[in-house]
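Peer 1: got a structure for you, letters missing:
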């Protein structure tokens, strides 16, 4: 049932390259900036979107911007990260990497479930993590879950028409315990909100974070199995057909396979690579490159 399985024993693999005197095969580097890449191709790709080399994740489809230009890219923008705790780790990465100070209440626990926002005054950049609505499991302890009644579609509908907004949406693990029709129904509603957003806000950038892989979870392995990522990816493909050229699909499956991600919450280096991928598609102006 698992999407991947680690080998229990070490295998010695000898690779022979038939390329004359050149004993090293290289992957052709892309030349198209991610800001100019045909977004519809992200939904159609049948090969890995990148590869791991010398401890760094490299894109195969487009050229990313230099990290030193991230600040310029995020200036005067607002980043909405809507989803579960997986994308909350993205928010933590943003806070740490871009000196974004919390403007909402201080976290009382590591596994914070309420919406949280931060602000970088120098960049005039604001970011926030917003939990998707029910189903949203918060563990066995008692907690006021009123914040989970604020739906993803309502949040999108409230984005101002002139805001330079970047929206990242991720729904996955909390839906696995329910019939897949629940996930599909939610995605259909979200699509309607995205269409309305595109009509009123020409600057908005919308991204869908795809499912990632994992081998272990704290819950029953059948209940929380990464195989459902395949099913949900198929549903998203059906629901967002017709918007492939407007919505960025962030493929997180390839990097979690390459780096053998173990738990539902990827470790920090994987999260940073995921955030880098998002930022490369968020920087769409020539001045950002």
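Peer 2: That came in fine, so what should we check first? What you are looking at is a predicted structure, and each value in this text was computed from that prediction instead of being measured. Numbers count the residues shown, from 1 in each chain.

Peer 1: low pLDDT regions in the chain?
Peer 2: Counting by pLDDT under 70, the chain contains low-confidence ranges at 1-7, 15-27, 108-113, 134-150, 174-175, 216-225, 229, 285-289.

Peer 1: again, 50 this time
Peer 2: 1, 221-222, 286-289 (pLDDT under 50).

Peer 1: now for whichever helix in it runs longest, which elements pack on it?
Peer 2: Longest helix in the chain by number of residues (criterion: DSSP state H): helix 180-200. Judged by 3 or more C-beta pairs under 8 Å, 6 or more residues apart in numbering; DSSP states H and E, the packing partners of helix 180-200 are helix 152-157, strand 205-209, helix 228-239. Using the backbone N, CA and C atoms, a C-beta is placed for each residue, glycine as well.

Peer 1: by how many degrees do that helix and strand 205-209 diverge?
Peer 2: 170 degrees (axes from the mean of the first three to the mean of the last three C-alpha atoms, to 10 degrees).

Peer 1: list the buried ones in helix 180-200?
Peer 2: Counting neighbours by 16 or more other C-beta atoms under 10 Å, one finds that the buried residues in helix 180-200 are 183, 184, 186, 187, 189, 190, 191, 193, 194, 197.

Peer 1: In contact with the residue nearest the centre of the chain, which residues?
Peer 2: Ranked by distance to the mean C-alpha position of the chain (C-alpha atoms, centre = their mean), the top residue is residue 209 at 3.5 Å. The contact partners of residue 209, taken as C-beta atoms under 8 Å, 6 or more residues apart in numbering, are 83, 87, 168, 169, 170, 250, 252, 274, 278.

Peer 1: 10 Å instead, please
Peer 2: Applying C-beta atoms under 10 Å, 6 or more residues apart in numbering to residue 209 gives the contacts 81-83, 86-87, 90, 168-172, 248-252, 274, 277-278.

Peer 1: Please produce CSV containing the buried residues of helix 180-200, extended by distance to residue 282.
Peer 2: Shown next, in CSV, are the buried residues of helix 180-200 (distance: C-beta to C-beta, whole Å):
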residue, distance to residue 282
183, 25
184, 27
186, 24
187, 22
189, 24
190, 19
191, 20
193, 19
194, 16
197, 16
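
Peer 1: circling back: cross the contacts of residue 209 against strands and list the overlap.
Peer 2: The members of those that map onto strands under DSSP state E are 81, 82, 83, 168, 169, 170, 248, 249, 250.

Peer 1: closest to residue 103 among the buried residues of helix 180-200?
Peer 2: Residue 103 has its nearest neighbour among those in residue 197, at 23.4 Å by C-beta to C-beta.
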